[in-house]
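> mind folding the following:
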Amino acid sequence: MKRYLRLHRIFVVQYLKKLMEYKVDFLLGAIGLLITQAIQILFLGIIFSQIPSLIGYTFPQILFIYGFSLIPKSLDHLLTDNLWMVGYRIVRKGEFDKYLTRPINTLFHVISENFCVDAFGEMLSCILLLGYSVPQLDMPFHWYTLPLALVAVVFATLIYTSLKIMTAAIAFWTKASGHIIHMLYMVNDFSKYPVTIYNKAVQTIITYVIPFAFTAYFPASYFLTGKNPLFCIGGTVIAGTVLFTLAVFVWNRGLRAYESAGS
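Alright, predicted model coming up:
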């Protein structure tokens, strides 16, 4: 474990040095994501200027769910964004060979080699949304609220990462899977809002098939009401654990099937 922590620190330092050469790209990426979130929030504001609530949810409650959804999404974006390159380019161009020649875990190496500072735009959006909405909400608070929030964030992030690992690993068989990752991430937009606004089919998909609802709505619902922690938080833990176990299995099976693009 110590060895991998040391290696991760080395990768981060190397990437930061490279990043300093492209400061403008970093700022533009972060600002772009911030503007994207601002436009969506503006759209919500326009809707709530016409109606007092959405199926029982007030504007601050919707903003809280939206803001909470950005915590695991931005962490996954920051820490594991290099998996997109596996799906789009690394396998297809034969660049994955270098990971197989080094004496460290391939999945760890891929994830640690790069991180996406554009995610700071999402993180800033999250801070602003929660900072605005929380003071307006009468949320139950206990000594265990913050520990549960930490648990929820960790396992919600794991859900994102696990789904990305599995879809990226498809490239080991098909040479490219970036379009699949992209389609998967389009589904996560449903998690920014209460799942009860969708029909039963969509609710079932984002709860039990591609469980993005456990990255935002269910844990946020618990913090808003204090009700049903076993399902809202426990379900997030179970979903994250099961998906990560499955993701590692799929990744390892993919490694066995991998053939260099030049072979």
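
> residues touching Tyr193, list them.
By C-beta atoms under 8 Å, 6 or more residues apart in numbering, the contact list for Tyr193 reads Ile62, Ile65, Tyr66, Tyr217. Just so you know, the C-beta spots here come from the backbone N, C-alpha and C atoms, and that holds for glycine as well.

> buried ones among these?
The neighbour-count test (16 or more other C-beta atoms under 10 Å) marks Ile62, Ile65, Tyr66, Tyr217 as buried among those.

> got TSV for these, with secondary structure and distance to Thr174 too?
Formatted as TSV, those follow (DSSP: H, G, I helix; E, B strand; the rest coil; distance: C-beta to C-beta, whole Å):
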residue	secondary structure	distance to Thr174
Ile62	helix	38
Ile65	helix	35
Tyr66	helix	34
Tyr217	helix	32
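
> distance check, the residue nearest to Pro229 when sequence neighbours are not counted against Gly56.
Sequence neighbours aside, Tyr222 is the residue nearest to Pro229 in space, at 5.4 Å (criterion: C-beta to C-beta, 6 or more residues apart in numbering). Tyr222 is 16 Å from Gly56, where distance means C-beta to C-beta, to the nearest Å.

> now Ala247
Taking C-beta to C-beta as the measure, Ala247 and Gly56 are separated by 35 Å.

> how about the helices in the stretch 1-150 of the chain?
Shown for the stretch 1-150 of the chain, the helices assigned by DSSP state H, counting those that start in this stretch span residues 2-19, 23-48, 59-80, 83-85, 97-100, 106-112, 119-133, 145-169.

> for those helices, give me CSV that also has distance to Pro211 and mean pLDDT.
Shown next, in CSV, are the helices of the stretch 1-150 of the chain (distance: least, C-beta to C-beta, whole Å; pLDDT from 0 to 100):
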stretch, distance to Pro211, mean pLDDT
helix 2-19, 27, 59
helix 23-48, 22, 67
helix 59-80, 12, 91
helix 83-85, 18, 92
helix 97-100, 29, 88
helix 106-112, 21, 88
helix 119-133, 20, 86
helix 145-169, 6, 96
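
> any chance of the ones you listed in JSON lines, with distance to Lys175 too?
As requested, these are exported to JSON lines (distance: least, C-beta to C-beta, whole Å):
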{"stretch": "helix 2-19", "distance to Lys175": "26"}
{"stretch": "helix 23-48", "distance to Lys175": "27"}
{"stretch": "helix 59-80", "distance to Lys175": "21"}
{"stretch": "helix 83-85", "distance to Lys175": "13"}
{"stretch": "helix 97-100", "distance to Lys175": "13"}
{"stretch": "helix 106-112", "distance to Lys175": "16"}
{"stretch": "helix 119-133", "distance to Lys175": "27"}
{"stretch": "helix 145-169", "distance to Lys175": "12"}
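
> who has more neighbours out of Ala247 and Gly56?
Using other C-beta atoms under 10 Å, the more surrounded residue of Ala247 and Gly56 is Ala247, with 22 against 8.

> OK, contacts around the closest residue to Tyr66 other than its chain neighbours?
Nearest residue to Tyr66, sequence neighbours excluded (C-beta to C-beta, 6+ apart): Lys192, at 4.9 Å. Neighbouring residues of Lys192 by C-beta under 8 Å, 6+ apart: Gln40, Ile65, Tyr66, Ser69, Ala216.
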